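Trainee: sequence and predicted model, in that order:
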Amino acid sequence: MFLPTGGVGMSSTMDDMNLIQQAQRHHLVVRELGEEIDLEIGPGDDDPSFAHSSLLGVQLHESSAKENSENKDIIGSELPNEDLDLSKAQPGKRKKKVVKRWREEWADTYKWAYVDVKDGTARIFCSVCREYGRKHRRNPYGNEGSRNMQMSALEEHNNSLLHKEALRLQQASKEKIIVDKPIYVKALMSKTAGSIVEAALRRDPHEAEFIQSVQEVVHALERVISKNSNYVNTMERLLEPERTIIFRVPWVDDRGETHVNRGFRVQFNQTLGPCRGGLRFHPSMNLSIAKFLSFEQTLKNALSPYRLGGSSGGSDFDPKGKSDNEVMKFCQSFMNELYRYLGPDKDLPLEDIGVGTREMGYLYGQYRRLAGHSQGSFIGPRINWSGSSLRTEATGYGLVFFLHLMLADMNKELKGLRCVVSGFGKISMHVLDKLLGYGAVPITISDSKGYLVDEEGIDYNKLDVLKQIKDQNRSLRDYSKQYARSKYYDEAKPWNERCDIAFPCAFHNEIDQSDAINLVNSGCRILVEGSSMPCTPEAVDILRKGNVLVAPSMAAGVGGVVAGELELKECNLNWSPVDFETKLQDAMKQTYQRSLKAAHDFGYPESPEGLVHGAAISAFLTLASSMAGQGCA
């Protein structure tokens with residue numbers, strides 16, 4: 001946030017027309033990177049078309065006000081004497097109150113601001129409409145006369161029609177404003193590999209998550225592609241999904257009101273066999289995320305011991321706060337369109353964010369009704385039609401098994417190592433469970449509002465308390481009420497806690513550049529990806545420079561797929577926990593060895609990203625071989 005050091009001045013000798021043309025200047029003094037900068041904020045250029053601009057046509061700035069405010073330190077604010085004409089006759093106490101009120105109001109206002117350079121001058125821009133000066137600050141009554149000139153910058157800012165409309169839309173959606181971010185293109189890429197990324201950018205220039213995923217994979221495959229030019233064409237074919245399904249999902253809530261959401265299913269590649277992939281119900285869900293998840297799932301399935309294709313999908317529907325009846329109606333409407341594309345030899349869905357026991361039950365019930373049979377089963381936990389009762393543990397357990405294999409090759413063990421875990425879903429909860437089984441010391445868990453840290457470590461008794469909190473939909477703050485030495489931090493992430501190992505299990509891109517720096521500084525040496533693509537490209541670079549070993553979700557996260565296929569292939573519904581874990585450990589060991597071998601074969605044995613390269617290479621070569629054998633299909 002920013003505070004001004006001056007107000008809007010005006011000369012008493014100028015007429016109203018000159019006042020309109022008088023440049024308004026605001027001076028801010030901020031400290032950035034140790035330097036004091038005096039920011040002079042001008043009025044901007046008048047633009048007759050601005051008043052008719054559409055909010056939808058405005059491109060937002062690449063970083064939010066919150067991100068900018070975290071990197072700047074306010075050092076003071078004072079109103080100059082010439083700007084206090086109206087208050088000179090008042091007592092000094094009154095002046096202090098005015099200054100204090102100004103400071104508080106500007107502090108609140110400039111949560112919406114960021115600083116950028118325009119025409120060689122540092123200026124304050126509104127994070128909502130990306131404008132500055134008079135071009136931004138419009139009088140709501142259309143009067144640009146002397147009265148408007150005497151308004152404080154705060155009043156002008158708040159009276160901006162465009163700014164008010166953005167605030168109204170944000171309040172109506174109850175979501176933070178989503179800021180468009182430019183696609184980050186890595187520079188260290190060979191010309192051949194770069195051509196693949198350029199082709200993807202030309203085809204899908206607005207799909208940031210998908211392009212990010214493509215870049216990560218192509219970066220890992222550079223040495224493979226450079227050795228065989230035919231792989232360029234193979235990669236270009238692979239990057240175009242075989243089938244993309246987008247459909248509307250109408251449903252009626254408990255008050256009788258009709259809603260419409262958008263549904264997605266991307267069957268990315270079926271070269272190796274029928275598709276398997278998650279369904280995600282989350283407000284942020286869009287085509288770019290569906291494509292990136294299905295692309296990652298395709299590579300993950302190719303790396304698993306089974307011959308499977310990859311898919312993913314979901315909807316921008318938010319199940320939080322919905323009644324069972326509303327969720328059922330939505331799931332039934334969703335399946336009315338999707339069922340024709342599903343089946344044991346076509347595509348079967350897995351769980352993902354927002355899709356649990358309740359949602360999978362409703363989805364499967366409608367699928368069985370529409371398809372007229374119950375062949376195959378959806379991959380969901382602890383329900384009588386889904387098979388193995390240990391399927392829900394498979395992904396979280398698999399992550400810890402994969403880590404154990406990595407440490408064994410380093411002649412180390414998990415016992416006593418401090419672990420930070422993000423997320424509060426089934427994956428993170430079962431990561432905690434299995435870490436305790438190996439004697440590790442997990443210290444954190446997080447939700448969408450912040451994170452909980454327990455320096456004494458989370459033991460089995462405390463884990464039971466966490467499970468009760470989750471089952472009852474309570475806040476993680478309740479844990480701190482029972483264990484006084486723990487603490488819950490609002491609007492924060494756990495990556496600055498001292499640790500040896502990190503498990504990001506919440507959401508894609510949850511670790512940004514500053515988080516990666518915190519992880520390196522906190523002593524983290526291994527990062528196990530529990531969620532797909534948990535790190536931004538900038539964070540990946542920081543972790544590599546910090547020599548943090550990365551276990552990619554492509555390899556470490558195959559446990560869920562393995563459990564589902566074991567159930568479908570072997571039809572054994574009565575495994576003991578020991579038998580199930582033995583089979584899961586064998587599958588994780590095969591995946592680890594395949595990744596490690598590919599890394600060695602292509603010269604990445606000592607690289608911190610060795611397993612990342614190895615997993616991508618092994619998966620791609622498996623797919624490329626099958627695609628070449630099947631011709632141009």
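Mentor: Everything's here; your move. Note that the structure is predicted; figures quoted are calculated from it, not measured.

Trainee: for Gly194, see how far away Leu466 is.
Mentor: 46 Å (C-beta to C-beta, to the nearest Å). For every residue, glycine as well, the C-beta is placed using N, CA and C.

Trainee: what's the answer for Glu538, then?
Mentor: With C-beta to C-beta as the criterion, Glu538 and Gly194 are 19 Å apart.

Trainee: quick one, which of Leu466 and Gly194 is more surrounded?
Mentor: With neighbours defined as other C-beta atoms under 10 Å, Leu466 and Gly194 compare such that Leu466 has more, 20 against 17.

Trainee: next, give phi and psi for the more buried one.
Mentor: Main-chain dihedrals, Leu466, degrees, to the nearest 10: phi -60, psi -40.

Trainee: stretch 619-633: which residues count as buried?
Mentor: 619-624, 627 (16 or more other C-beta atoms under 10 Å).

Trainee: tell me which stretches of the stretch 151-300 of the chain form helices.
Mentor: Counting by DSSP state H, counting those that start in this stretch, one finds helices in the stretch 151-300 of the chain at the ranges 153-158, 161-173, 191-203, 208-220, 222-227, 230-238, 287-303.

Trainee: among those, which is nearest Arg498?
Mentor: The closest of those to Arg498 is helix 208-220. By C-beta to C-beta, the value is 28.2 Å.

Trainee: which stretches of this protein aren't confidently modelled?
Mentor: 1-116, 122-189, 375-377, 379-391, 569-575, 633 (pLDDT under 70).

Trainee: so who does Lys487 touch?
Mentor: 452-453, 480 (C-beta atoms under 8 Å, 6 or more residues apart in numbering).

Trainee: actually His206, not the one I typed
Mentor: Shown in contact with His206 (C-beta under 8 Å, 6+ apart): Ser288.

Trainee: could you check the distance from it over to Ser288?
Mentor: His206 is 7 Å from Ser288, where distance means C-beta to C-beta.

Trainee: list just the nearest of the contacts of Lys487 to Leu350.
Mentor: Leu452 (27.6 Å).

Trainee: for this protein, longest strand please?
Mentor: Across the chain, the strand with the greatest residue count (assigned by DSSP state E) is strand 258-269.

Trainee: hey, C-alpha coordinates of that one in CSV?
Mentor: Taking Å, rounded to 0.1, in the frame of the first residue of the first chain, the C-alpha atoms of strand 258-269 are listed here in CSV:
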residue,chain,number,x,y,z
THR,A,258,-31.9,-21.8,-12.1
HIS,A,259,-28.1,-21.7,-12.5
VAL,A,260,-25.8,-22.5,-15.4
ASN,A,261,-22.2,-23.7,-15.1
ARG,A,262,-19.8,-24.9,-17.7
GLY,A,263,-18.5,-28.5,-17.9
PHE,A,264,-15.2,-29.8,-19.4
ARG,A,265,-13.7,-33.1,-20.3
VAL,A,266,-10.5,-33.3,-22.3
GLN,A,267,-9.5,-36.8,-23.5
PHE,A,268,-5.9,-35.9,-24.3
ASN,A,269,-4.4,-39.1,-25.7
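
Trainee: for the lengthiest helix in the chain, packing partners?
Mentor: Assignment by DSSP state H gives helix 577-601 as the longest helix of the chain. If you count contacts as 3 or more C-beta pairs under 8 Å, 6 or more residues apart in numbering; DSSP states H and E, helix 577-601 packs onto helix 287-303, helix 394-409, helix 553-556, helix 559-570, helix 610-629.
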